[in-house]
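Colleague: this one's structure only:
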């Protein structure tokens, strides 16, 4: 079977506008896909050069396939099965600084270059004051970016029209602001010129972004992959897969709107569940994601697991769990958020499609990791917001506390893991040492005493939750029901389908 290459895709030769630090599955299924769509619609007319930001691994597959690859989106949209297969032709080349540093630095000197995309993991945007300018490759990503920007500044003699736009997608708060700070620190550390610093400050733009798409990447099952090859009619060793949903919120500094230059919102027009949003404040969108998507996970997964389910999409097929989740999101979370209600409802409906994706087997136990801190970050703001707004307890979020306590109820602490029991089977409870020790020491106590100890633990919640009127008694009631009758009967009693 023939290997995919340019002779098969016939890509249009477009000017290089984007340099992308990271050649992994996520960026190829997210950014390069958007550029490809925008090119097709006549909105962008630009290509991408990939930069391999780490030393290990090979770029041979990219070279053999002329950087051409196939993306397949698989899942559900508006409750219906959805599949989209697309040959991505927007990537023009790939360079590896660890093989040829000059090829890498010459990318900075390309006249048409305008955008820098990066995904160097959460640990990528850091500053190390021991980094030396001459080390080149053995420095952090912000250090490498500083050198890259300097090369461009020098090549174009400080031309203010040759600045670049930074679009980091690393999953940290205010990623662009942090990247900007680190670059300025390196300029000072390496005693680079005031003129260069002024160029970075005034010719370049650092955006902060929020991204959301589950990228399943390479198809590891041989039979499934071969079936895709048969469907395609060629072999693709760069095959990438992802869910249909995609969201990119781009926060531009005031007065520096890039939406006309980077028209990816227009590229997504007509594609349900895919959206690029330009804003001067991404925080409401992050709050929406954390409280609805992540909060929904945290509020139902532990109850669902104890009821006998193992995966998210399996939970969605369970009438009680599905109803519990729907009522949590629409009745208790959305009323506490500030974005327009229709926007929140649309996002929530997309979340349900994502949870129902048959191509993603998301294990409940994987989501259960560090549930105590997750509940505080993802569910507690909605819980307290509901109490403040309505003057009563949100029943589902209150039950989620009891479900968490039931899930963590175990005494066998071995090698940093607490061993829980579901029927005759054991499961691993993974969390911080202090959390596991608390449950090992307290979960065998009388329900009322156990609940008081947990809710009053300010280390876990940042405040004493026994002060919330009626909460202690209600959690005790729910946990007693779980302990006496099991999770399934407790859910049937309080939240029948």
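Modeller: Thanks, I have the structure now. In this text the structure is predicted, and so the values were computed from the model without any measurement.

Colleague: okay, CA-based contacts and neighbour counts for the rest of this
Modeller: Will do.

Colleague: per the record, what domains does the chain have?
Modeller: 6-279, 283-494 (automatic domain parsing).

Colleague: Make a markdown table out of those domains and add mean neighbour count.
Modeller: A markdown table is the format used below for the domains of the chain (neighbours: other C-alpha atoms under 10 Å):
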| stretch | mean neighbour count |
| --- | --- |
| domain 6-279 | 18 |
| domain 283-494 | 18 |
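
Colleague: Okay, the residue located most distally from the centre of the chain and residue 405: tell me how far apart.
Modeller: The centre of the chain is farthest from one residue, residue 446, which by C-alpha atoms, centre = their mean lies 39.7 Å away. To residue 405, residue 446 is 13 Å away according to C-alpha to C-alpha, to the nearest Å.

Colleague: Residue 313 against residue 358, yeah?
Modeller: Yes: Residue 313 lies in contact with residue 358 (C-alpha atoms under 8 Å); the separation is 6.7 Å.

Colleague: And for the helix or strand containing residue 76, what's in contact with it?
Modeller: Per DSSP states H and E: residue 76 is located in strand 69-77. Residues outside strand 69-77 that contact it (C-alpha atoms under 8 Å, 6 or more residues apart in numbering): 4, 29, 33, 81-89, 236-245, 272-273, 350, 353-354, 356-359.

Colleague: thinking again about what came up before, can I get the domains of the chain in TSV with mean pLDDT?
Modeller: Formatted as TSV, those follow (pLDDT from 0 to 100):
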stretch	mean pLDDT
domain 6-279	96
domain 283-494	97
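
Colleague: Distance check, the residue nearest to the spatial centre of the chain against residue 124.
Modeller: Residue closest to the average C-alpha location in the chain (C-alpha atoms, centre = their mean): residue 212, at 4.9 Å. As judged by C-alpha to C-alpha, residue 212 and residue 124 stand 18 Å apart.

Colleague: All the strands of the stretch 251-400 of the chain, residue numbers only.
Modeller: Under the criterion DSSP state E, counting those that start in this stretch, the stretch 251-400 of the chain contains strands at 274-279.

Colleague: How far off centre is stretch 323-336?
Modeller: Computed by C-alpha atoms, centre = their mean, to the nearest Å, the chain-centroid distance of stretch 323-336 equals 22 Å.

Colleague: how long is stretch 90-104 end to end?
Modeller: Using C-alpha to C-alpha, one end of stretch 90-104 lies 19 Å from the other.

Colleague: I meant stretch 255-267, not that one.
Modeller: End-to-end span of stretch 255-267 (C-alpha to C-alpha): 23 Å.

Colleague: With stretch 6-14 instead?
Modeller: OK, stretch 6-14 end separation, C-alpha to C-alpha: 14 Å.

Colleague: all numbers from here: first residue = 40
Modeller: That works, and once the first residue is 40, the last one we named lands at stretch 45-53.

Colleague: So what touches that stretch?
Modeller: With contacts defined as C-alpha under 8 Å, 6+ apart, stretch 45-53 is touched by 84-86, 104-105, 107, 126, 128-129.

Colleague: try 7 Å this time
Modeller: Residues outside stretch 45-53 that contact it (C-alpha atoms under 7 Å, 6 or more residues apart in numbering): 84-86, 105, 107, 128.

Colleague: I'd like the residues you listed laid out as a markdown table, including distance to residue 263 and secondary structure.
Modeller: Putting the contacts of stretch 45-53 into a markdown table (distance: C-alpha to C-alpha, whole Å; DSSP: H, G, I helix; E, B strand; the rest coil) gives the following:
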| residue | distance to residue 263 | secondary structure |
| --- | --- | --- |
| 84 | 35 | coil |
| 85 | 33 | coil |
| 86 | 31 | strand |
| 105 | 24 | coil |
| 107 | 21 | coil |
| 128 | 24 | coil |
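
Colleague: Turn those residues into JSON lines, columns for distance to residue 57.
Modeller: Shown next, in JSON lines, are the contacts of stretch 45-53 (distance: C-alpha to C-alpha, whole Å):
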{"residue": "84", "distance to residue 57": "11"}
{"residue": "85", "distance to residue 57": "7"}
{"residue": "86", "distance to residue 57": "6"}
{"residue": "105", "distance to residue 57": "17"}
{"residue": "107", "distance to residue 57": "16"}
{"residue": "128", "distance to residue 57": "14"}
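
Colleague: Just name the closest of these to residue 257, please.
Modeller: Using C-alpha to C-alpha, residue 107 is the member of those that sits closest to residue 257, with 14.8 Å.

Colleague: List the residues that contact that closest one.
Modeller: For residue 107, counting by C-alpha under 7 Å, 6+ apart, the contacting residues are 43-45, 127-128, 130.

Colleague: Just the ones in helices from those, please.
Modeller: Judged by DSSP state H, the contacts of residue 107 include residue 45 as members of helices.

Colleague: Reformat the contacts of residue 107 as CSV; add distance to residue 268.
Modeller: Converted to CSV, the contacts of residue 107 look like this (distance: C-alpha to C-alpha, whole Å):
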residue, distance to residue 268
43, 10
44, 14
45, 17
127, 16
128, 18
130, 21
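
Colleague: of the contacts of residue 107, closest to residue 168?
Modeller: Residue 168 lies nearest to residue 130 out of these, by C-alpha to C-alpha, at 34.3 Å.

Colleague: That closest one reaches residue 87, doesn't it?
Modeller: Yes: the criterion here is C-alpha atoms under 7 Å, and residue 130 meets it with residue 87 at 4.6 Å.

Colleague: returning to that earlier point: state the pair within the contacts of stretch 45-53 that is farthest apart.
Modeller: Across these (C-alpha to C-alpha), the longest gap, 18.8 Å, separates 84 and 105.

Colleague: Would you give the sheet partners of the strand holding residue 115, along with the direction of each?
Modeller: Here strand 108-116 has these sheet partners by DSSP bridges: strand 119-127 (antiparallel), strand 279-281 (parallel).

Colleague: quick one: which of those is nearest residue 137?
Modeller: Smallest distance to residue 137 across these (C-alpha to C-alpha): 24.8 Å, for strand 279-281.

Colleague: what does the closest one contact?
Modeller: By C-alpha under 7 Å, 6+ apart, the residues outside strand 279-281 that reach it are 64, 68, 109-113, 253-257.

Colleague: do stretch 444-456 as well
Modeller: Residues contacting stretch 444-456 (C-alpha under 7 Å, 6+ apart): 341, 345, 457-459, 467-469, 472, 478-480, 482, 518.

Colleague: out of those residues, who's nearest residue 207?
Modeller: Nearest to residue 207 among these, with distances taken as C-alpha to C-alpha, is residue 469, at 30.7 Å.

Colleague: Backbone dihedrals for that closest one, please?
Modeller: Note on residue 469: backbone dihedrals following degrees, to the nearest 10 are phi -120, psi 130.

Colleague: can you pull the contacts of it?
Modeller: Residue 469 neighbours (C-alpha under 7 Å, 6+ apart): 408-409, 456-457.

Colleague: ok, 10 Å please
Modeller: Counting by C-alpha atoms under 10 Å, 6 or more residues apart in numbering, residue 469 makes contact with 404-405, 407-410, 447, 455-458, 475.

Colleague: Equivalent analysis for residue 87, please.
Modeller: 53-59, 70-71, 74-75, 128-133, 152, 154-156.

Colleague: Now with 8 Å, please.
Modeller: Applying C-alpha under 8 Å, 6+ apart to residue 87 gives the contacts 55-59, 71, 129-132.

Colleague: same check, this time on residue 375
Modeller: Residue 375 sits next to 421, 424-425, 428 when contact means C-alpha under 8 Å, 6+ apart.

Colleague: Fine, thanks again, bye for now.
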